[in-house]
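Visitor: just a sequence and a predicted model for now, questions to come.
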Amino acid sequence: MPSSDDLSVPAYSTGPRAVPACDFCSRPGAIVFFGTVEFVLRFDGFDWESGDRFYACPSCRGLVDVGDWPGLIAYAGLGSRGVRVVEAFRDHHVPGAVVFEPGTDPERGR
């Protein structure tokens, strides 16, 4: 098993070798993000704030690209809260994915 110092192994957390998780299915390995006009959803007494981008893995990116919202919800296995997030994302995202290179930190310099 490689050590944590092995630079060929991606780190699924934060830092220079971080690989963002998909904001839809939560799997590691996001390859793009979609810009989003920030929005707020109210859930049972708390507010959830979107932020200005959603990360997507290859599978979820394909579903977003073709606008298959029911397919995205089913693939990601989302419950009612997740469904509301995807519906709001649908209405607030900026079309077109921003691709970032593997091994780069797309959050760097923000």
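Guide: Nice, I can see it.
Visitor: got the residue ranges for the strands in this protein?
Guide: For the chain, the strands defined by DSSP state E occupy 32-35, 40-43, 46-49, 53-56, 98-99.
Visitor: pick the most buried one from those strands.
Guide: strand 53-56 (a mean of 23; mean count of other CB atoms under 10 Å). To be clear about C-beta, it is placed using only N, CA and C from the backbone, and glycine gets the same treatment.
Visitor: that one - contacts with which helices or strands?
Guide: strand 32-35 (3 or more CB pairs under 8 Å, 6 or more residues apart in numbering; DSSP states H and E).
Visitor: next one: the strand it packs on to chain centre, how far?
Guide: Here strand 32-35 is found 7 Å from its chain centre; the criterion is CA atoms, centre = their mean, to the nearest Å.
Visitor: how about stretch 44-58?
Guide: 8 Å.
Visitor: got the end-to-end distance for that stretch?
Guide: Distance across stretch 44-58, first residue to last, is 32 Å (CA to CA, to the nearest Å).
Visitor: any low-confidence regions in this structure?
Guide: Counting by pLDDT under 70, the chain shows low-confidence ranges at 1-18.
Visitor: where along it do the helices fall?
Guide: Taking DSSP state H as the test, the helices found in the chain are 58-65, 69-76, 80-92.
Visitor: who's in contact with the first one?
Guide: Applying CB atoms under 8 Å, 6 or more residues apart in numbering, the contact partners of helix 58-65 are 22, 24-25, 29, 31-32, 34, 56, 69, 71-72, 75-76, 93, 97.
Visitor: hang on, the earlier thing: could I get the helices of the chain as CSV with mean neighbour count and distance to residue 104?
Guide: Formatted as CSV, the helices of the chain follow (neighbours: other CB atoms under 10 Å; distance: least, CB to CB, whole Å):
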stretch, mean neighbour count, distance to residue 104
helix 58-65, 19, 16
helix 69-76, 16, 24
helix 80-92, 15, 23
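Visitor: for residue 40, which of those helices is the nearest?
Guide: With CB to CB as the criterion, residue 40 lies closest to helix 80-92 of those, at 9.0 Å.
Visitor: tell me the angle that closest one makes with helix 58-65.
Guide: 50 degrees (axes from the mean of the first three to the mean of the last three CA atoms, to 10 degrees).
Visitor: all good on my end, thank you.
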